[in-house]
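In: How does the following fold in three dimensions:
(chains A and B)
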Amino acid sequence: MADIPDELASVSVTDPVKRLVVLPFKKAIEIAYKSIRVRFLRSLITTLSLVLAVAFLSFTNVGTDVADGLLSTGDVDSRQILINAGYDIGPEDTSVAASAKQRWIVILSLVVCVVGIVNAQLMAVTERFREIGTMKCLGALDRFILRLFFLEAGMQGLAGGAAGAVIGALFSFLNATISFGSIVLVTLSWRAVLLSILSATIVGFLLSLLGVVYPAIVAARMQPVEAMRAEH
Amino acid sequence: MKDKHNIVRVSNVTKSFNLGKIDVQALKGVDLAIQSGHYISIMGPSGSGKSTLFNMIGGLDKPSSGKVFIDEVDIAQLDAYELAWLRCRKIGYIFQTFNLIQVMSALENVTLPMTFAGMNGDDATEKGFRLLELVGLADRYHHKPSELSGGQQQRVAVARALANDPAIILADEPTGNLDLSTGEEIIALLKNLSRERSVTVISATHDFKMLNVSDQVVWIRDGRVDKIENRDELSISLGKIGAKE
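Out: Predicted coordinates for the structure are as follows:
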């Protein structure tokens, strides 16, 4: 037995039979979905900062849409109302541009949100060390772990982004109706609003993916032994 | 020795851990050959290097020097894919802390390795049921680990370890977190599996109940193999151990 040369022995591993471990995409989605559902509260907290940031983004964008709608009536009164409300409109402008300050605040809130997501996801990874290690002992590749984390983050991003975008838009309507009256709902371009909500959702989705990159890499790189040791 | 092949061979393995400034040698040159189909217990006090050796055999950790062969394949030569394949198909792991995936039901826990192995959903479910039946938990397939007792969780873990019909079952202190009678049940279950399915069972333990069922006991002391006893020699020395403890 002992006199089998090492080269020969290792040849048998790479023999023609394909030795692959797989995780079908459908199954991965199922696992990720269940994982979110079971840890619902945890996921909710991770997603909450995203919801708030996206809501803010959507609030400002829809606010701009509302003002645009009001401006498009070409009414001198409504132009004056908008200027009184603090919008920076020149006499020739036909659309309301978000001010630099406003844009800056939105970007800042999104950055803070990403940092929050990274933080929350890192905690989630630490909590799940044992689970990750176990999966690796059962034959999971680094890629599977990455895929699971990205899928979870993607779902959280879509759900959180959509919720935030809708909430932000609703608040924006509420705000506009209070300050300008119900006329805004007539002058408003619903297409622009829908576009704003959609883009805010996509931003939320992308931010969630961005936030999980580092935590997912940490999780995937972990050696199974370390994972088993983590909670001992 | 010749008729049965060595499923695991450990050759002059050392392992040192770097703890800050000092190097700790957990294993100081271990040689070991384990024949297929045997029930092996690795015994030794905590800190003896038992768990380290166990991790080496399972391909969970790499030796600092020396070689570990599984089915005469040097596992240091394997790339990440082949290693994952080995863990998935060749080796079934059982842990002291059960390590079931908490968010999955018993059945899903058992079928997960089959999914990794590329088995389709229906076949995996059917086989999962059969394995749960084998360990006596068929009626609790939809329960989450948190809804099962320790012994039941370990049974699920045994079923999971068998998912891809591995050649080797590695059990790290399988009875460590169980009470006396549940521990005995698990031991009996493992012994049955080793006999009926001719699976090689290797368990690291300091549970003396394990001795009765072992074909071979490897005593580890201070990073070295102290002695290897076969079953027939055991009954004599068992009295001595009892007296010593």
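In: Return the residues in contact with the one residue in chain A that gets nearest to chain B.
Out: Chain A approaches chain B most closely through A:G139 (2.5 Å), counting by Cβ to the nearest Cβ. (C-beta placed from N, C-alpha, C; glycine too.) Applying Cβ atoms under 8 Å, 6 or more residues apart in numbering or on different chains to A:G139 gives the contacts A:21, B:84-85, B:87-89, B:113, B:116-117.
In: Between the residues you listed, which sits nearest B:S46?
Out: For the contacts of A:G139, the residue nearest B:S46 by Cβ to Cβ is B:R87; the value is 25.1 Å.
In: What parts of chain B come near chain A?
Out: Contact residues (Cβ under 8 Å from any Cβ of the partner chain) of chain B with chain A: B:5-6, B:9, B:33, B:55, B:58, B:60-61, B:67, B:69, B:72-74, B:77-78, B:80-82, B:84-85, B:87-89, B:93, B:95, B:97, B:99-104, B:112-113, B:115-118, B:121, B:160.
In: hmm, back to that, mind checking what secondary structure the residue of chain A closest to chain B has?
Out: coil (DSSP: H, G, I helix; E, B strand; the rest coil).
In: Could you give the backbone dihedrals for it?
Out: Here is the backbone geometry of A:G139 (degrees, to the nearest 10): phi 110, psi 10.
In: Kindly report the same for A:G74.
Out: According to degrees, to the nearest 10, A:G74 has phi 70, psi 10.
In: Tell me the first helix or strand C-terminal of the helix ranked longest in chain A.
Out: The single longest helix within chain A, with elements called by DSSP state H, is helix A:142-180. Next helix or strand after helix A:142-180 toward the C-terminus (DSSP states H and E): helix A:184-187.
In: what's in contact with that following helix?
Out: Contacts of helix A:184-187 (Cβ under 8 Å, 6+ apart): A:66, A:69-70, A:72-73, A:78, A:173, A:176-177.
In: Now distance to A:K27 and neighbour count too, for the residues you listed, in TSV please.
Out: Listed next are the contacts of helix A:184-187 as TSV, based on distance: Cβ to Cβ, whole Å; neighbours: other Cβ atoms under 10 Å in any protein chain shown:
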residue	distance to A:K27	neighbour count
A:V66	45	28
A:G69	47	23
A:L70	51	25
A:S72	50	15
A:T73	54	13
A:S78	56	19
A:F173	41	19
A:A176	46	23
A:T177	47	14
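In: Just name the closest of these to B:L170, please.
Out: Nearest member of those to B:L170, counting by Cβ to Cβ, is A:F173, at 61.5 Å.
In: Let me see the confidence value for the closest one.
Out: Per-residue pLDDT puts A:F173 at 91.
In: Could you see whether chain B lies near the helix or strand hosting A:S196?
Out: For A:S196, the host element (DSSP H and E) is helix A:190-221. No - against chain B, helix A:190-221 shows no contacts by Cβ under 8 Å from any Cβ, the least distance being 11.0 Å.
In: sec struct for B:V8, please.
Out: Once three-state DSSP is applied, B:V8 turns out strand.
In: which element is the nearest residue to it once chain neighbours are set aside on?
Out: Nearest residue to B:V8, sequence neighbours excluded (Cβ to Cβ, 6 or more residues apart in numbering or on different chains): B:I34, at 4.2 Å. Using DSSP H and E, B:I34 falls within strand B:22-35.
In: cool, B:I202 as well?
Out: Residue-wise, B:I202 maps onto strand B:200-205 under DSSP H and E.
In: Direction included, what does that strand pair against?
Out: strand B:39-43 (parallel), strand B:168-172 (parallel) (DSSP bridges).
In: now for the next helix or strand after it, which elements pack on it?
Out: Counting by DSSP H and E, the element after strand B:200-205 in chain order, helix or strand, is strand B:216-221. For strand B:216-221, the helices and strands in contact under the criterion 3 or more Cβ pairs under 8 Å, 6 or more residues apart in numbering or on different chains; DSSP states H and E are strand B:22-35, strand B:39-43, strand B:224-230.
In: what inclination does the shortest one have with respect to strand B:224-230?
Out: The reference is to strand B:39-43. 140 degrees (axes from the mean of the first three to the mean of the last three Cα atoms, to 10 degrees).
In: next one: the first one
Out: Here strand B:22-35 points in a direction 20 degrees away from that of strand B:224-230 (the same axes, to 10 degrees).
In: burial count for A:R191?
Out: The tally of other residues near A:R191 (other Cβ atoms under 10 Å in any protein chain shown) stands at 9.
In: Provide a list of residues in contact with it.
Out: A:R191 neighbours (Cβ under 8 Å, 6+ apart): none.
In: Before we move on, what's the pLDDT of it?
Out: 90.
In: Could you do the one 3 residues further on as well?
Out: The predicted local confidence for A:L194 comes out at a pLDDT of 94.
In: what about chain A, any weak spots by pLDDT?
Out: Residue ranges of chain A with pLDDT under 70: A:1-19, A:92, A:94, A:98, A:227, A:229-232.
In: Isn't B:L132 up against B:S105?
Out: No - look at B:L132 against B:S105 with Cβ atoms under 8 Å: they stay out of range, at 10.4 Å.
In: Now list whatever residues contact both of these two.
Out: Common neighbours of B:L132 and B:S105 (Cβ under 8 Å, 6+ apart) are B:Y141.
In: that older thread, pairing partners for the strand holding B:I34, with directions?
Out: Using DSSP bridges, the strands paired with strand B:22-35 are strand B:6-19 (antiparallel).
In: Now do the contacts for B:P113.
Out: Taking Cβ under 8 Å, 6+ apart, one finds A:138-139, B:88, B:160, B:163-164 in contact with B:P113.
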